[in-house]
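**Q** A structural model of the following input is requested.
(4 chains)
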Number of protein chains: 4
Amino acid sequence: MYSFKNDYSEGAHERILEAMMDTNRIQTVGYGMDEYCASAREKIKSRIACEEADVHFFVGGTQCNTTVIASILRPYQAVIAAHTGHINVHETGAIESTGHKVVAMYSEDGKLTPELVKKAVLEHSSEHMVVPKLVYISDSTEIGTLYTLQELKDLYACCKELGLYLFMDGARLGSALCAKGNDIRIEDLPNYTDVFYIGGTKNGALFGEALVITREELKEDFRFYIKQRGALLAKGRLLGIQFEELFKDDLFFELAEHANEMSLKLRDAVIEAGYTFLAESYTNQQFVILPDAVIKKLEDNFLFEEQHRVDETHTCIRLCTSWATTLESVEAFREALVNA
Amino acid sequence: MYSFKNDYSEGAHERILEAMMDTNRIQTVGYGMDEYCASAREKIKSRIACEEADVHFFVGGTQCNTTVIASILRPYQAVIAAHTGHINVHETGAIESTGHKVVAMYSEDGKLTPELVKKAVLEHSSEHMVVPKLVYISDSTEIGTLYTLQELKDLYACCKELGLYLFMDGARLGSALCAKGNDIRIEDLPNYTDVFYIGGTKNGALFGEALVITREELKEDFRFYIKQRGALLAKGRLLGIQFEELFKDDLFFELAEHANEMSLKLRDAVIEAGYTFLAESYTNQQFVILPDAVIKKLEDNFLFEEQHRVDETHTCIRLCTSWATTLESVEAFREALVNA
Amino acid sequence: MYSFKNDYSEGAHERILEAMMDTNRIQTVGYGMDEYCASAREKIKSRIACEEADVHFFVGGTQCNTTVIASILRPYQAVIAAHTGHINVHETGAIESTGHKVVAMYSEDGKLTPELVKKAVLEHSSEHMVVPKLVYISDSTEIGTLYTLQELKDLYACCKELGLYLFMDGARLGSALCAKGNDIRIEDLPNYTDVFYIGGTKNGALFGEALVITREELKEDFRFYIKQRGALLAKGRLLGIQFEELFKDDLFFELAEHANEMSLKLRDAVIEAGYTFLAESYTNQQFVILPDAVIKKLEDNFLFEEQHRVDETHTCIRLCTSWATTLESVEAFREALVNA
Amino acid sequence: MYSFKNDYSEGAHERILEAMMDTNRIQTVGYGMDEYCASAREKIKSRIACEEADVHFFVGGTQCNTTVIASILRPYQAVIAAHTGHINVHETGAIESTGHKVVAMYSEDGKLTPELVKKAVLEHSSEHMVVPKLVYISDSTEIGTLYTLQELKDLYACCKELGLYLFMDGARLGSALCAKGNDIRIEDLPNYTDVFYIGGTKNGALFGEALVITREELKEDFRFYIKQRGALLAKGRLLGIQFEELFKDDLFFELAEHANEMSLKLRDAVIEAGYTFLAESYTNQQFVILPDAVIKKLEDNFLFEEQHRVDETHTCIRLCTSWATTLESVEAFREALVNA
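**A** Okay, the predicted model is just below:
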């Protein structure tokens, strides 16, 4: 039984575990003030070409999203997201638990556009309504699509025009940046977002998201928010050690490329077998529409997520690859699908 | 330079890292629904002799405290704590951020008594006031003291009489249970608390607290609270693997015993050198009152926390030992102190 | 200049002011524990034929909505509302400020149906999502439409089947109950909702909403929630005096009938002048689609709210009548409209 | 039976009711944007000699306290109060419900001093703790004491030095300003606080508190906070009408003087009868320590609040006078006390 259920089915890339072993008995201070975190921060700032950025490490994405959003918004302000956005559907109301409305805009491809953002702002025009102040996007999105550099630039320009901040959830940023057709470079992000994060959990780390804050007024007292949200890891070094390794020799990008490569092979298999997709994806997630009978056969040897029912006889499934996905498993899936 | 600054200065006991290595490429489902977590849960339930308990794993203590307390209290209800309690002083208002008041009772030794709990309840007698519904204690306490079994029994009886729940923060439970003079066994806790946790972060794990809920009505939908608080670790297996190891062959207790042993040696050194303590402690924290001149000398070779100024020429420092503290460092400290 | 802008443009029906004058120097206890409140409660319970109900008085609707919803939901639970629902759009995020998501369902006519409620529940199926636990409806709705008794019965049955509570916002309940075509009686509400309120602010009182809780488990400690929300009026008697008067000789219903009568005259005028409506309304609000040129002329002598732009040359306006609307003003409007 | 239980036992001064009658059928816009509110704002700004202030009206004190505090503090910040402060004990955790800790400092006389404020700030020195950012005081205090002008000046200077805002709860400001020995004028308040309010509920109005914000950065978007807290009264005119009347011919001060005069007569009676006070008060509240036997006799003809037990045979009671207290009742009390 092989699992394409998600991109966190295994532990971590072995270089990361080895780095942990090697440093295990060295004493450091806690809470991310240690030398490994300092070094990881430097490596990241250098790689994104933004020395004035603040970098903070989080254990997980929901924690990171909640902390960032709660730190930026005043009580009556809201965050705009695509209706498919992780914060809108998959965080058990974490954002609302901090007191803020998520203004969800319907988006077929999971992306926000200047038009959608403007619409959201126009619809909130009185003091009896919340005030949108922040725009949340994910790249790659929750359904595997990508922003182009031009789209990102336009969205950022729109945000600036409207006095909004732009926050990018990068839980699957590695896959996005390494995807076929992508033209955004990691060093573009400080210029076209106000705050973003680099996801480690889904790209080879045991856990960890590296948050990058570039806008000056968003940096103030940020560690207080981290602590209040229970997100200040005692042995913060563990995050530093992992990101140091991921940003040494571009391991982060290598791992994402592998995941994408495996994903494209799955994509080819789907095309070969004559099936279609929910949306075109060159990232590590493929959303495939399959006859229920085919799904039933595949389930003999593979695990994957059923997303939603498409019609009476078809269902959309998600196939997820990662840094750890093996070529054998992908080939086995191809064979099973073609013969199903 | 050797650090007695805290009990999370190193990584993890090597058996834990090895278990991570050994299982690294095995695929599991996420969010703590994997076989390692299942096995760790069984080991813990068996060790505490309470098969009907629910066990949930958290990455850290603040997260765990906040999630538990927010899950139990209705909006107008409050939690009673000693004024020294971690939730009252050291969590950047995390409890209040979930909408609840911490009713802090002054306590010289960091412990709550039935008298203090009754006083807190009596002082909140009208609908213009919050209603205390939960009692929060730590064992060992934030200043190194211990509850006796009789004290715990009396406190629990008082809580039941007053319709209150009792929650024990066990961030340093290992040290408490293994301390000289302690007469509480881990299997007593399901009988004399409603919910408690077993701290791994400060006792040999990379991170991790195992929360044990024994009271039926507190179990309902608990995982929703975990997710909302951003505390549902994607690779939940990491917590399972660690607690499996800690509760295999009682490694958890062995590590705590080592920490206590080192701490008692520091204690002996303090007595030998003729200094005094803030409170009598047989756990892994010693709160020592030293002349500032002595502290200055010790700082040449040792790191430790200054707690608070005692008088014009004395300061209270904290010495913290752990599973990783070396005998050499303790002896070096003794020598330095005696000769200071 | 005459205003059809809203139903709270004037003070209160004179009988209410006189009752205040008459009782002014009589001493009472505070916070709604006085004899006027007691008497008003009895009158309401008798009128709705539900002696076991709990009745609480609020100054305003947003306060009442927020208090009720915050008292019912656990932190991870959500409330379902029509997308037009007051709590979803016009309370500056008050519900979210208490930590809860409003699950908004698109509804052309501003009403919820069993189908919409089931859809909302089905779409929230995992522990990574909020759990809908409460259904919020308004009668009359925010766009002037009405529930029929059968619709309400079906909705309530659906809620019970799904384990949901049903809460009716009755800010404009008077107008609804007295509307042409309405077949719900006020004594039906305890049977087909779990909690509802009777709006005074928009029906002849200076201010005031009478909340009726019929479900036993929703009654517990409710006054603590009122106080915490800042909604416990010191001179609570003012609410009692007003509702006593409104429910003496059915003044409440008389006033609503007057408002509806005036509204229907406006409706007739619109039809006579050949214009159309956003939705068919027999309540005290008419949503009329008018050419911008006509609106411009009407604005010379009348105040009203522009709701939203319909197309390049038309806008939807709201005309609102009340207990105080004069026949002369309605006739003047008719004339102005027909001649515009 | 005459009640000295509180200062909101009656309706409102008749001039206020008459103003309501006179304006009753005049149409206005809602939510405090009407001409009565505008006029009341002007009268208040003129009386306090601060044209650049923003004035907002609230129905009640808890609402006002919560809205102000929630608008000023960032999530990790806290408000300092005397342990007797209304927000600390008598608002059912309203402040905490908005996510903020109340840092309570023990104060014998119910007042804060620069020393206490500095202590509170010093005790919160790490990122694991909340950050005090606001100081809350009441004048007169909850136990009837008064600030002197010098004390207020010193406290304000201390706040400015430490980067804190100063907020004065003026629920009983009228009584304070008119008290024997007081040397603060209402026009001093814009200079020595950042935000304060003028209490109407306890000084002759049906209800109402006039909030004055003088600090520029605290003014921004304040109406959004009011609405979110459910505190934007639909018929906002009712607040305008009342405060217009209170600040026409200094009625506000006249009423407070009457209440104080009655209170001093009660005070004299206590002295004459040979009893003592909890604290020396020249305001409209007297906290009197009486033998239980005496209290029992007084209860035959008078209502008052028992505050707390002093010793085995004595209890502290509160006697509260108001604009409506009659000379006869005060004399009757004197007689009863002297003869008890």
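
**Q** would you agree A:Arg267 is in contact with A:Ser281?
**A** Yes: counting by C-beta atoms under 8 Å, A:Arg267 touches A:Ser281, with 7.3 Å between them. All C-beta spots, glycine's among them, are computed from the backbone N, C-alpha and C.

**Q** so between these two, which is more surrounded?
**A** Comparing A:Arg267 with A:Ser281 by neighbour count (other C-beta atoms under 10 Å in any protein chain shown), the higher total belongs to A:Ser281, at 25 against 19.

**Q** and the pLDDT for A:Ala340?
**A** Looking at A:Ala340, its pLDDT is 88.

**Q** ok, it to A:Ala269 distance?
**A** Per C-beta to C-beta, to the nearest Å, A:Ala340 is found 11 Å from A:Ala269.

**Q** one more: A:Phe4?
**A** 12 Å.

**Q** for A:Tyr2, phi and psi?
**A** Backbone geometry at A:Tyr2, expressed as degrees, to the nearest 10, gives phi -110, psi 140.

**Q** please report phi then psi for A:Phe247.
**A** Main-chain torsions, A:Phe247, degrees, to the nearest 10: phi -100, psi 10.

**Q** now A:Val288
**A** With angles defined as degrees, to the nearest 10, A:Val288 sits at phi -110, psi 130.

**Q** and A:Val212, which helix or strand is it part of?
**A** Assigned by DSSP states H and E, A:Val212 belongs to strand A:209-213.

**Q** relative to the whole chain's centre, how far out is the helix or strand just after that strand?
**A** Following strand A:209-213 in sequence order, the next helix or strand is helix A:222-228 (DSSP H and E). Distance of helix A:222-228 from the chain centroid (C-alpha atoms, centre = their mean, to the nearest Å) equals 21 Å.

**Q** does chain C sit close to helix A:222-228?
**A** No: between helix A:222-228 and chain C, judged by C-beta under 8 Å from any C-beta of the partner chain, nothing touches; the nearest distance is 15.0 Å.

**Q** only the C-alpha atoms, please, for that helix, written as CSV.
**A** Extracted C-alpha coordinates of helix A:222-228, given in CSV (Å, rounded to 0.1, in the frame of the first residue of the first chain):
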residue,chain,number,x,y,z
PHE,A,222,6.1,40.2,16.8
ARG,A,223,7.6,37.8,19.2
PHE,A,224,5.0,38.7,21.8
TYR,A,225,2.3,37.4,19.3
ILE,A,226,4.2,34.2,18.7
LYS,A,227,4.4,33.5,22.4
GLN,A,228,0.8,34.4,23.1
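
**Q** now do that helix, average pLDDT.
**A** Taken as a whole, helix A:222-228 has an average pLDDT of 98.

**Q** can you report how many residues neighbour the spatially closest residue to A:His90 that is not a sequence neighbour?
**A** Computed as C-beta to C-beta, 6 or more residues apart in numbering or on different chains, the closest residue to A:His90 that is not its neighbour in sequence is C:His128, at 4.5 Å. Neighbourhood size, C:His128 [other C-beta under 10 Å]: 19.

**Q** quick one: is stretch A:231-248 near chain B?
**A** Yes: contact of stretch A:231-248 with chain B (C-beta under 8 Å from any C-beta) involves A:231-235, A:237-238.

**Q** name the member of those residues with the most neighbours.
**A** Neighbour counts for the residues of stretch A:231-248 next to chain B peak at A:Arg237, which has 31 neighbours (criterion: other C-beta under 10 Å).

**Q** gap between that residue and chain D?
**A** For A:Arg237, the distance to chain D equals 17 Å [C-beta to the nearest C-beta, to the nearest Å].

**Q** chain D contacts on the stretch 151-300 of chain A?
**A** Within the stretch 151-300 of chain A, the positions lying close to chain D (C-beta under 8 Å from any C-beta) are A:221, A:223-225, A:227-228.

**Q** for the top helix by length along chain A, give me every contacting residue.
**A** Longest helix in chain A by number of residues (criterion: DSSP state H): helix A:251-273. With contact meaning C-beta atoms under 8 Å, 6 or more residues apart in numbering or on different chains, helix A:251-273 is reached by A:4, A:7, A:13, A:15, A:174-175, A:177-180, A:198, A:200, A:203-204, A:245-246, A:276-277, A:281-286, A:288, A:319, A:321-323, A:325, A:327, A:330-331, A:333-334, A:337-338, A:340.

**Q** near chain B, which residues of the stretch 151-300 of chain A?
**A** Residues of the stretch 151-300 of chain A lying near chain B (C-beta under 8 Å from any C-beta): A:201-202, A:206-207, A:224, A:227-235, A:237-238.

**Q** which pair of those spans the longest distance?
**A** Farthest-apart pair in these is A:Lys202 and A:Phe224; separation 27.7 Å (C-beta to C-beta).

**Q** the two: which is more packed in?
**A** Neighbours per residue (other C-beta under 10 Å) separate A:Lys202 from A:Phe224, with A:Lys202 holding more: 28 against 23.

**Q** ok, that one - contacts?
**A** Listed by C-beta under 8 Å, 6+ apart, the contact partners of A:Lys202 are A:6-8, A:171-172, A:174-175, A:284, A:322, B:234.

**Q** so what strands line up beside the helix or strand of chain A with the lowest mean pLDDT?
**A** Across the helices and strands of chain A, mean pLDDT, DSSP states H and E gives its lowest value to strand A:305-309, namely a mean of 92. When sheet partners are counted by DSSP bridges, strand A:305-309 sits next to strand A:314-320 (antiparallel).

**Q** isn't A:Gly93 right up against C:His128?
**A** No: counting by C-beta under 8 Å, C:His128 is not a contact partner of A:Gly93; they are 10.1 Å apart.

**Q** right, is stretch A:36-45 up against chain D?
**A** No: judged by C-beta under 8 Å from any C-beta, stretch A:36-45 stays clear of chain D, getting no closer than 14.8 Å.

**Q** list the buried residues of that stretch.
**A** By neighbour count on 16 or more other C-beta atoms under 10 Å in any protein chain shown, the buried set for stretch A:36-45 is A:36-37, A:39-41, A:43-45.

**Q** looking at those residues, spot the one nearest chain B.
**A** Proximity of the buried residues of stretch A:36-45 to chain B (C-beta to the nearest C-beta) peaks at A:Tyr36, which lies at 10.7 Å.

**Q** flag every residue of the stretch 51-200 of chain A that's near chain C.
**A** Applying C-beta under 8 Å from any C-beta, one finds that the stretch 51-200 of chain A approaches chain C through A:75-76, A:78, A:89-93, A:96-102, A:127-130.

**Q** who's in contact with stretch A:35-47?
**A** Under C-beta under 8 Å, 6+ apart, the answer for stretch A:35-47 is A:23, A:28, A:51, A:53, A:55, A:57, A:186-187, A:198, A:210, A:212, A:236-237, A:239-244, A:247-248.

**Q** ditto for stretch A:68-79
**A** The set of residues external to stretch A:68-79 that reach it, using C-beta under 8 Å, 6+ apart, is A:87, A:95, A:98-103, A:124, A:130-136, A:165, A:167, A:195, A:197, A:211, A:218, A:222, A:225, A:229, C:92-93, C:96-97, D:70-71, D:75, D:98, D:221, D:224-225, D:227-228.

**Q** can you confirm whether the one helix or strand A:Ile95 maps to lies near chain B?
**A** According to DSSP H and E, A:Ile95 maps onto helix A:94-97. Yes: counting by C-beta under 8 Å from any C-beta, chain B is contacted by helix A:94-97 at A:94, A:97.

**Q** kindly report the same for stretch A:140-147.
**A** No: Stretch A:140-147 lies apart from chain B when judged by C-beta under 8 Å from any C-beta; the minimum separation is 14.8 Å.
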